[in-house]
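Colleague: mind folding the following:
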Amino acid sequence: MSDQQEPSTQTPEVIEADALAPEPETTEHETETTPDADSRKWARAAFVISLVALASVGAGGWIAGQQVADAQSDQGQLAVQVSALQAQVANLESATAAVSELQTNLARVDTAQQQVLDAAAQAVGVSDAVQGQLKTFVDDLADTRTRVELIEGNRAQEYLLAEVEYLLRIAIQRIQAGGDVGTGLALMQSADQTLANADDAALFPVRRALAGELAALNAIPKVDRNGLYLALAAAADQVDVLSMAPSVVERAEAPEATGAEGMLKTLSSFITIRQRAEPIQPMLSPAEEVYARQNLRLMIEQAQLAILAKDAMAWQSSLQRASAWTDANFLANDATTQSLIATFERLSGQPIAPELPPVGASLAALKLVQKARDAALGGN
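Modeller: Numbers count the residues shown, from 1 in each chain. Below you'll find the predicted structure:
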């Protein structure tokens with residue numbers, strides 16, 4: 001609107017400038033004119049002034065009209081702006097309502113969000129508890145799996161240890177109860193070989209105890225009980241072939257006698273006189289001979305029972321009595337008698353019940369190892 005008013009403001013200024021412009025200078029000749037000339041001069045001036053006034057009035061009217069047009073234009077623009085402002089105010093009122101509704105919705109959303117946050121916090125707490133329980137369950141499961149793997153991995157070794165325990169128990173029973181050192185020693189050696197095949201450092205205490213017991217058993221004098229028993233059985237078979245001891249007076253075949261001197265020689269050939277340090281024993285009757293042989297057999301059988309019972313005193317006593325009985329009742333010069341007496345003396349020098357070392361330390365060590373393994377598998 002200011003751009004439209006610029007021509008109207010410039011036009012009057014131009015007219016006034018033109019009206020106020022100085023007139024052309026006149027010469028002295030012109031100034032010295034007649035009264036008619038003055039009247040014409042004033043008429044011209046009045047005309048110019050009239051023109052100027054008219055121009056001013058026209059310009060003022062034009063300017064006024066222009067200003068009215070501008071004012072109307074401005075009023076129209078103001079009306080448009082007012083309408084736009086009214087529309088904006090209406091929009092603002094609707095926007096305010098929308099904002100209010102939006103604020104209400106936001107408040108609801110905040111409330112719902114807070115509820116969601118509370119529920120989420122509660123869910124987080126529940127999740128933490130569940131995760132804790134899950135972790136405990138996973139740990140328990142891992143522990144159980146480890147135990148199962150350990151059990152599965154050591155099942156063969158447990159069977160092996162059970163076999164070793166069985167061998168040691170039987171060996172100890174044969175040594176302590178039966179006195180069979182040979183069988184017990186063989187069983188313990190088998191158990192030691194089984195432990196060596198296991199190749200487990202935890203079994204070293206068992207092998208150390210077992211090695212000590214094996215060394216002690218190997219130091220025991222070997223007793224061939226079967227050989228001793230069979231030797232006595234062979235001696236019992238010789239009893240029937242032994243010759244009985246002769247009487248004090250032995251009869252001889254008498255030579256032919258001639259005359260008195262021959263008669264004396266013949267009589268002297270029938271009689272033999274011997275000197276004996278022991279009391280003279282009468283000849284045994286057939287019944288007593290059977291008794292002597294049977295009594296010797298009983299003494300030999302007592303010696304055999306002593307072998308089975310591992311009774312060293314009964315063994316020595318039976319053999320000594322058998323040797324004395326053989327020497328007293330059977331022919332001493334007979335080779336069978338001498339051989340039988342030598343057999344009795346040789347056998348009496350053989351120990352049948354040597355002192356046994358204590359055994360059982362290896363089995364006790366094995367029990368400790370098994371107990372430790374069971375505790376490890378059981379988690380105690």
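
Colleague: buried residues in stretch 288-308?
Modeller: Going by neighbour count (16 or more other C-beta atoms under 10 Å), the buried part of stretch 288-308 is 292, 296, 299-300, 302-304, 306-307. (Glycine included, C-beta is placed from N, CA and C.)

Colleague: care to break the chain down by domain?
Modeller: The chain breaks down by automatic domain parsing into domains covering 2-23+35-105, 137-218+360-378, 225-247+287-348.

Colleague: nearest to residue 84 among the buried residues of stretch 288-308?
Modeller: Checking these against residue 84 with C-beta to C-beta, the nearest one is residue 307 at 140.1 Å.

Colleague: and the buried residues of stretch 288-308, which two are the farthest apart?
Modeller: So, the buried residues of stretch 288-308 by C-beta to C-beta: farthest apart are 292 and 307, at 23.9 Å.

Colleague: residue 220 belongs to a strand?
Modeller: No - assessed with DSSP: H, G, I helix; E, B strand; the rest coil, residue 220 is coil; it does not lie in a strand.

Colleague: count the neighbours of it for me.
Modeller: Other residues near residue 220 come to 16 when the count uses other C-beta atoms under 10 Å.

Colleague: what do you get for the one 4 residues further on?
Modeller: As a burial measure, residue 224 scores 12 neighbours (other C-beta under 10 Å).

Colleague: on that earlier part again, would you format the domains of the chain as a markdown table with mean pLDDT included?
Modeller: Listed next are the domains of the chain as a markdown table, based on pLDDT from 0 to 100:
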| stretch | mean pLDDT |
| --- | --- |
| domain 2-23+35-105 | 64 |
| domain 137-218+360-378 | 82 |
| domain 225-247+287-348 | 87 |
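
Colleague: of those domains, which approaches residue 130 most closely?
Modeller: Closest approach to residue 130 among the domains of the chain is made by domain 137-218+360-378 (10.0 Å; C-beta to C-beta).

Colleague: dump the domains of the chain to JSON lines, plus distance to residue 354.
Modeller: Formatted as JSON lines, these follow (distance: least, C-beta to C-beta, whole Å):
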{"stretch": "domain 2-23+35-105", "distance to residue 354": "108"}
{"stretch": "domain 137-218+360-378", "distance to residue 354": "8"}
{"stretch": "domain 225-247+287-348", "distance to residue 354": "9"}
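
Colleague: between these, which gets nearest to residue 118?
Modeller: Of the domains of the chain, nearest to residue 118 by C-beta to C-beta is domain 2-23+35-105, at 20.0 Å.

Colleague: quick one: residues contacting residue 356.
Modeller: Contacts of residue 356 were listed using C-beta atoms under 8 Å, 6 or more residues apart in numbering, and they are 175-176, 179, 181, 220.

Colleague: how does it look with 10 Å?
Modeller: 175-176, 179, 181, 184, 216-217, 220, 310 (C-beta atoms under 10 Å, 6 or more residues apart in numbering).

Colleague: sorry, back to before: which one of the buried residues of stretch 288-308 is nearest residue 329?
Modeller: residue 292 (4.5 Å).

Colleague: burial count for the residue nearest to the closest one when sequence neighbours are not counted?
Modeller: Counting by C-beta to C-beta, 6 or more residues apart in numbering, the nearest residue to residue 292 once its immediate chain neighbours are dropped is residue 329, at 4.5 Å. Counted with other C-beta under 10 Å, the neighbours of residue 329 add up to 20.

Colleague: ok, now residue 366?
Modeller: Residue 366: 24 neighbours (other C-beta under 10 Å).

Colleague: residue 162 too?
Modeller: Counted with other C-beta under 10 Å, residue 162 comes out at 12.

Colleague: can you name the next helix or strand after the one helix or strand it maps to?
Modeller: Assigned by DSSP states H and E, residue 162 falls within helix 35-176. Remark: after helix 35-176, the chain's next helix or strand is helix 181-198, criterion DSSP H and E.

Colleague: tell me which residues in that next one are buried?
Modeller: 181, 184-185, 187-192, 195.

Colleague: just stretch 351-358 next, same as before
Modeller: Quick answer for stretch 351-358 (16+ other C-beta under 10 Å): 352-353.

Colleague: let me see the mean pLDDT of that stretch.
Modeller: Stretch 351-358 carries an average pLDDT of 82.

Colleague: on that earlier part again, narrow the buried residues of stretch 288-308 to those in helices?
Modeller: 292, 296, 299-300, 302-304, 306-307 (DSSP state H).

Colleague: chain neighbours aside, what residue packs nearest to residue 170?
Modeller: residue 187 is the one closest to residue 170 (C-beta to C-beta, 6+ apart), at 5.6 Å.

Colleague: please apply the same query to residue 323.
Modeller: residue 344 (4.0 Å).

Colleague: spit out the contact partners of the one you found.
Modeller: Per C-beta under 10 Å, 6+ apart, neighbours of residue 344: 231-232, 235, 299-300, 303, 318-327.

Colleague: so which of those residues are in helices?
Modeller: Short answer: the contacts of residue 344 in helices (DSSP H) are 231-232, 235, 299-300, 303, 318-327.

Colleague: in PyMOL, how would I select the buried members of those?
Modeller: A single PyMOL command is used to select the members of the ones in helices among the contacts of residue 344 judged buried by 16+ other C-beta under 10 Å:
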select buried, resi 231+232+235+299+300+303+318+319+321+322+323+325+326
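
Colleague: follow-up on the earlier one: let me know the closest of the buried residues of stretch 288-308 to residue 117.
Modeller: Distances from residue 117 to the buried residues of stretch 288-308, taken by C-beta to C-beta, are shortest for residue 307, at 97.7 Å.
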